[in-house]
Every structure is written in C-alpha cells, then in structure tokens.
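J.: Build the 3D model from these lines:
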Amino acid sequence: MHASERSARAKRARQERSTLENLAREERSAFGKPRPTHVSVRFAATAITACWLSTALGCGFDLAALRSGDAAVPVDALVDAPVDAPPLDASRDAEPSDAAHDAFVDHDGGRDACAAEDPCGGGDDDCDGSIDEDACPEALECRRGACRAPVGSLRWEQVASSSADDGIGRDRARAVSRAADGFVVVGDWSGGTLTLGEASFVANAQDVFAVTLGFADGAVVDAALVDAMAIGGAASDEGLGVSSSTGASSGSTVVGRVGGTVSFGSAVTTGPLSGFVARYGTPSSLTPSAITRLPASSTVRAVATSGEDAIVAGALEASVSWGGCAVTVASGTSRAFVARVRGDGSVAWCTSWDGEGIASANAVAVDGGEVFVAGAFEGRLELTTSVESRGFDAFVGRLDADTGTLRWAVVASGNGVEEGSAIGLHGDHVYFGGAHASAATELSRDGAVLGSLPPASDLDAFVVALGRDGALRWTRTSAGTFESRVRGLAAVEGELFVMGEHGGVSWSGCSAAGAGARDVFVASLAADDGACRWVRSHGGPADDLAGGVAVDEDLVVIVGAINDGAVVDGTAWATVGEDAAGRDTDVYVAAYAW
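T.: Presented below is the predicted three-dimensional model:
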C-alpha cells in the first residue's frame, strides 16, 4: 500500500473513531453502561479502525444508521465472537482513561489513530510507529522538545587580538559564565589595543577585560560597557574567574589579581599585588557596586555567586589576618582559602587550612547551604584529617555555606602529580576534575579509601563523580599521546561538559586527535555514568590554552587562547603579532550546540 493511501485511510479512521467515541458517550449517558448483549462501541471503534488500516475495501459500517438510533453495534456485524465478548476496557463501567484519551490526540489538536507524537510538530500519519513529518527545518533536528542545531556543531566563534610594544600579544580568556543577556567572558591581555568585534581596549601593561557576548551569534552586547569594564594599572593584572546571577540579584562578579593603583571603570583603588573581588550590580553596570582588595600576596582564582554574595577561592602567599583567616605562611609556601564576600564587599567568613608546603584552592561551586571547593597541595594539609602528600595531590571538599566549616574532604593521592582544577554540581552529584600522572592514584575520604584511578600514561585528565556525602559514584580518565588536563566542568539535564587541554584525548566512548602537544577540547559525558557522547578539538602545532566552560539551554561555550595556525572546524587562524618562539596567543570563544 502506498504511503498516501495509508495516510488517507488513517485520516478516515480518525473520523470514524471520533464519531464512535461520541456514540459511546451517548450510550453511557442513556444506559449507564453498554448493554450486555452487544459489544461496546469502543470495541466497534477498534475493529473499524483496524479494517480501514488493513484492507482497501473498508468494512461497510453504516455510521448514519448507528447514529440514528441504536448506540451499540450487533456482534455479527463486526467479528466472529460471542455475544457477551467483553469490551477492550478493563471494566464495562469504566470511563475512558486520560491516558487512553491522550494517546489519540494529535499534534494539531485533532484526533489521531496512533500514539506516536513529536514534540516539534511531526506526526505518525501512516501509523507505523515512527514520525513521518518533522516540523524542524532541514538543518535542524528535534531534540529536548524543540528544533535545535545538530549535537556538537559549531554555532559561532569570536577571536580577540592585541599587539603589545614588542609586537607580541599574549591574550587569553580564562573564565566564562552565563548571565541574563549573554555569556560573560573574563580574561587579560598583554598591552596595546585589544580588539573584539566592535569593542576595543587600551592597556597599560597586562590588564583585565570583561565582555558580554550575545546568545545568538556571540556579538558584543554593549561595546560601551566593554570599554568601561577594562580593569588594570601599571602592574601585570589577571582576570581569573567570573560568576553571574540571572534572578533578582542579577549581575556578575569578576575576580583575579591586580597590583598598585587600579581603575575599575570610574572607581580607582590602590593597594599591593593582591586578589580582588569586583561585583557589578546589574548586567549593564559600568562601575562595580562593590570592590574588595584582599591582603598582599594573595590570589583569587575562582568565584561562585549565591544571591548577592560571592564565594571566592584561591591562595594566600603571606601571613594574614583577614575575615576570619588568621594564618602564618612561610616564605615560598602558600595556603588554600575559601571566603564568603557579601554584596557590599565585607567578608562574612574566611576558611584556610594549616599545613606545610604549597596549597591552592582552584575551583568553587555553591548550591544552597553547601559550598564545594577543589584544589591541590604539596606537603602537609590539615583537612578533616591531617594529610601528607606523596607528590603533588588534589583535593575536593564540602563546606557549610553559612560558616565555612569543612564537612568532608576527598583526596586524590599518588606518587606523581595530581591536580584539582575544576568542579561541577548537578542533582545529587559533585563532579571533580583535574589531571594525574601517577601509576597508582588512590581516592580517600577523611582518611578512608574509596577507590583509585587507572594508571596514568603521562599527565592524564580525570573526572571523579561523588555523591553530596562524598561517596564515590564513578571515575573517568583520558589518556592521550601527550599531557591532558581538565580545566572546566558544567552539568545540565543529564549532560556533563568537560573542557581542557590535550595532545590527543580519549574518553570512554569517543576520542579526538591533537594537532600539537597542547590543544583545547570539549566533551559531553553522560552525567550518570561518565560515558562519552561526543568530543570536539581545536588547535595547531603551537600550544593552545583552555580557560573555562558555561552552558545554557542550547549552547555549551568554551573560552581560552589559540596560537598561530590553530585549526577550528576546518578553518586555520593566523594570530596577530606572532613571533618565531610562538609566544603570541589570541582570545578565543567558541559555542557548540548540545
């Protein structure tokens, strides 16, 4: 039977079915239930529909006669079956269930003979169980209830270049977050004029930039805003993190490290080389509503917002007494810290951990009353228990959001290098990412062994999934030809997006070759078990650098820096001011569909 014929019959069947269901309602109204000597009208509807779909002749029922008087159909006019054959419903007295009713409602509001339904507007007109008509344009596909671009396809990209006095521009995007009106990208550039679309900045030395890029095409949302949000002075300043809110407390908080006299838009502050927290009260603010400069020799590496407050994390490289952190730091060492900075710039609490050696908190996330932090240390670190590293070890911990008290800590320890550089939250999972280079990396919580990572081939990227109680859920590692590491994690709707650097990456189920020793990758893993769904890579023969990752309902956006000759989606980029040593990099932002 041709598809057009089947479609026409399906339409006629729908009309017949609608008429018979109306008769069924009349029958129930008149008699309370179908008469016992007849098959129910719902059984008749099923039989007639089957006839229309299976034979070219139809079944010859006289619907006009049925409508004129008798609301039931004699058995011998239907099928060879006993007179008291039961209806298809479980009970003769039962009204049609909501599920039964919904199964026959098609996408345009009419009655449908088949249950298949496409949330994007397609239908199953030939009743073969598959969608025949897709309302999405040819270049799109129906996914998560809407027409979307193919998974993993590059949607847009932005490159920003500068050229300093020595002819070399060292420009890099280090972090990204989703805001109310676009993606906020933060980084720094090495001097001269940085140009990104319609926006341009002029730096004194190495200054910080913050720019909002539109969701649709990555275009600069407000060029005037971008110019005003250049942060810097005569020292080498770094923009290291950003977090944005989209609710009642909308705005963005930028963190990093600055020195000397620094201009934040129209606001000017003076202080030593230290960490900073700058809160922009609304997405269109030209000057921060609050600026906090930390004590000397400190760095703020990461931020997560909770209402108007910011949870910040980083390292203290000198003895300080600040916001509850009173630590003595010997020369050449550092202490990891986490602090809660209020919307007005004051400090609610600060937590640091004693130890001997080097320690830094590199990533932070917050969810309600819980704060999660990831970092790395060498030497001794006093977490929930005293931990002595065997090399350079990684850690992740849970803190109380109101007090900063550490509740539990998981340590990744081996005889080589372990780095903790990324954290993500979704549902009851805590995702912890970084890199390890040990033949045997042990995972332990509060001193009790949880499991281990596979032996590293070089410096291998890893992701560890934990429960909110610190229990181990699963682990994934990526071994490549050269070094690989995770720099950012973002989770949403069952997807875990992982981005970082690699020289050839191979996750569980997918892989990508590297064009050089250090390229940038983004991969989609299943949030529940870490199975890889797709991976994309860009880079060239010189080193390319990864920054961070953010996600909204359509796009996963990665930021970093590309070097001369980097190939992205088949296009080779030529950076500005390149020298023979390959020291030039350009700011790079890319958006992929998911």
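
J.: I'd guessed residue 140 sits against residue 148; true?
T.: Yes - taking contacts as CB atoms under 8 Å, residue 140 lies within contact range of residue 148: 6.0 Å. Quick note: C-beta positions are derived from backbone N, CA and C, even for glycine.

J.: if you count what's nearby, which of these two comes out ahead?
T.: Set side by side, residue 140 and residue 148 show more neighbours around residue 148, with 19 against 16, by other CB atoms under 10 Å.

J.: what's across from the more buried one in the sheet?
T.: residue 141 (DSSP bridges).

J.: gap between it and residue 521?
T.: Per CB to CB, to the nearest Å, residue 148 is found 22 Å from residue 521.

J.: do residue 153 as well
T.: For residue 153, the distance to residue 521 - CB to CB - is 16 Å.

J.: Compare those two and say which is more crowded by neighbours.
T.: Each of residue 153 and residue 521 has its neighbours counted (other CB under 10 Å); residue 521 has more, 29 against 15.

J.: wait, what's in contact with the more buried one?
T.: Residues in contact with residue 521 (CB atoms under 8 Å, 6 or more residues apart in numbering) are 484, 499-502, 505, 512, 535-537, 546.

J.: what separates it from residue 549, distance-wise?
T.: With CB to CB as the criterion, residue 521 and residue 549 are 11 Å apart.

J.: go on, residue 236?
T.: Distance of residue 236 to residue 549, computed by CB to CB: 25 Å.

J.: So for these two, which residue has more residues nearby?
T.: More crowded of residue 236 and residue 549, by other CB under 10 Å: residue 549, with 25 against 17.

J.: Work out for me the element that one sits within.
T.: Residue 549 belongs to strand 545-551 when elements are defined using DSSP states H and E.

J.: And residue 157, by the same measure?
T.: strand 154-160.

J.: What is the subsequent helix or strand relative to that strand?
T.: strand 172-178.

J.: what's the angle between that next one and strand 545-551?
T.: Using axes from the mean of the first three to the mean of the last three CA atoms, to 10 degrees, the interaxial angle of strand 172-178 with respect to strand 545-551 works out to 10 degrees.

J.: what angle separates strand 172-178 from strand 154-160?
T.: Using the same axes, to 10 degrees: strand 172-178 against strand 154-160 is 130 degrees.

J.: Mind checking the pLDDT average for strand 172-178?
T.: The average of the pLDDT scores along strand 172-178 is 96.

J.: Show me what that strand packs onto, helices and strands only.
T.: Secondary-structure packing of strand 172-178 (3 or more CB pairs under 8 Å, 6 or more residues apart in numbering; DSSP states H and E): strand 183-189, strand 238-245, strand 545-551, strand 555-562, strand 586-593.

J.: now for the third one, which elements pack on it?
T.: Right, the one you point to is strand 545-551. strand 172-178, strand 485-492, strand 495-502, strand 519-526, strand 555-562.

J.: Out of these, which is closest to residue 408?
T.: When the helices and strands packed on strand 545-551 are compared for distance to residue 408 using CB to CB, the nearest one is strand 485-492, at 19.3 Å.

J.: how far does the closest one sit from the chain's center?
T.: 8 Å (CA atoms, centre = their mean, to the nearest Å).

J.: Put the alpha carbons of that strand into PDB.
T.: The C-alpha coordinates for strand 485-492 follow below in PDB (Å, rounded to 0.1, in the frame of the first residue of the first chain):
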ATOM      1  CA  ARG A 485      44.100  18.000  31.900                       C
ATOM      2  CA  VAL A 486      40.500  19.200  32.800                       C
ATOM      3  CA  ARG A 487      40.100  22.900  33.200                       C
ATOM      4  CA  GLY A 488      36.400  23.300  33.500                       C
ATOM      5  CA  LEU A 489      33.100  21.400  34.200                       C
ATOM      6  CA  ALA A 490      29.500  22.300  33.600                       C
ATOM      7  CA  ALA A 491      26.500  20.000  34.100                       C
ATOM      8  CA  VAL A 492      22.900  20.300  33.000                       C
END
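
J.: follow-up on the earlier one: any idea which of the helices and strands packed on strand 172-178 is most buried?
T.: Mean neighbours per residue, mean count of other CB atoms under 10 Å, is largest over the helices and strands packed on strand 172-178 for strand 183-189, with a mean of 29.

J.: relative to strand 238-245, how tilted is it?
T.: 170 degrees.

J.: measure residue 527 to residue 489 for me?
T.: 11 Å.

J.: what bits of the stretch 1-150 of the chain have low per-residue confidence?
T.: Within the stretch 1-150 of the chain, the stretches with pLDDT under 70 are 1-119, 121-126, 128-134.

J.: go on, the stretch 451-594 of the chain?
T.: Filtered on pLDDT under 70, the stretch 451-594 of the chain yields the residue ranges 480, 565, 568-583.

J.: Recalculate using a threshold of 80.
T.: Filtered on pLDDT under 80, the stretch 451-594 of the chain yields the residue ranges 479-481, 516-517, 564-584.

J.: picking that back up, which neighbours does the strand holding residue 157 have in its sheet, and in what orientation?
T.: When pairing is defined by DSSP bridges, strand 154-160 lines up against strand 586-593 (antiparallel).

J.: CA atoms only: put the strand it pairs with into CSV for me.
T.: Extracted C-alpha coordinates of strand 586-593, given in CSV (Å, rounded to 0.1, in the frame of the first residue of the first chain):
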residue,chain,number,x,y,z
ASP,A,586,44.7,35.4,20.9
VAL,A,587,41.5,35.3,23.0
TYR,A,588,39.2,32.6,21.7
VAL,A,589,35.5,31.9,22.4
ALA,A,590,33.5,29.0,20.7
ALA,A,591,29.9,28.0,21.1
TYR,A,592,28.7,24.4,20.3
ALA,A,593,25.2,23.0,20.2
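
J.: Identify the residues contacting residue 558.
T.: 176, 488, 499, 520, 522, 546-549, 589-590, 592.

J.: Okay, it and residue 500: tell me how far apart.
T.: From residue 558 to residue 500 the distance is 9 Å (CB to CB).

J.: quick one: common contacting residues for these two?
T.: Joint contacts of residue 558 and residue 500 (CB under 8 Å, 6+ apart) are 488, 520, 546.

J.: Of these, just say which sits nearest to residue 250.
T.: For the shared contacts of residue 558 and residue 500, the nearest to residue 250 is residue 488 (22.5 Å; CB to CB).

J.: Run a quick check on the closest one versus residue 556, I expect a contact.
T.: No - using CB under 8 Å, residue 488 makes no contact with residue 556, being 10.3 Å away.

J.: Find residues that contact each of these two.
T.: By CB under 8 Å, 6+ apart, residue 488 and residue 556 have these common neighbours: residue 549.

J.: coming back round to it: can I get the contacts of residue 558 in CSV including distance to residue 406?
T.: Shown next, in CSV, are the contacts of residue 558 (distance: CB to CB, whole Å):
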residue, distance to residue 406
176, 28
488, 24
499, 28
520, 33
522, 32
546, 29
547, 28
548, 25
549, 27
589, 35
590, 37
592, 36
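
J.: of these, closest to residue 415?
T.: Nearest to residue 415 out of these is residue 546 (CB to CB; 26.2 Å).

J.: and that closest one, what does it touch?
T.: Applying CB under 8 Å, 6+ apart, we find residue 546 in contact with 485, 487-488, 499-501, 520-521, 558, 560.

J.: could you dump these to TSV with distance to residue 197?
T.: Converted to TSV, the contacts of residue 546 look like this (distance: CB to CB, whole Å):
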residue	distance to residue 197
485	30
487	24
488	23
499	22
500	26
501	26
520	21
521	25
558	18
560	18
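
J.: The residues you listed: which two are farthest apart?
T.: So, the contacts of residue 546 by CB to CB: farthest apart are 485 and 558, at 14.2 Å.

J.: which residues sit in contact with residue 376?
T.: Residues in contact with residue 376 (CB under 8 Å, 6+ apart) are 359-360, 362, 392-395, 418-421, 434.

J.: Would you mind listing the buried residues in the helix or strand containing it?
T.: Assigned by DSSP H and E, residue 376 falls within strand 370-382. Under the neighbour-count criterion of 16 or more other CB atoms under 10 Å, strand 370-382 has 371-378, 381 buried.
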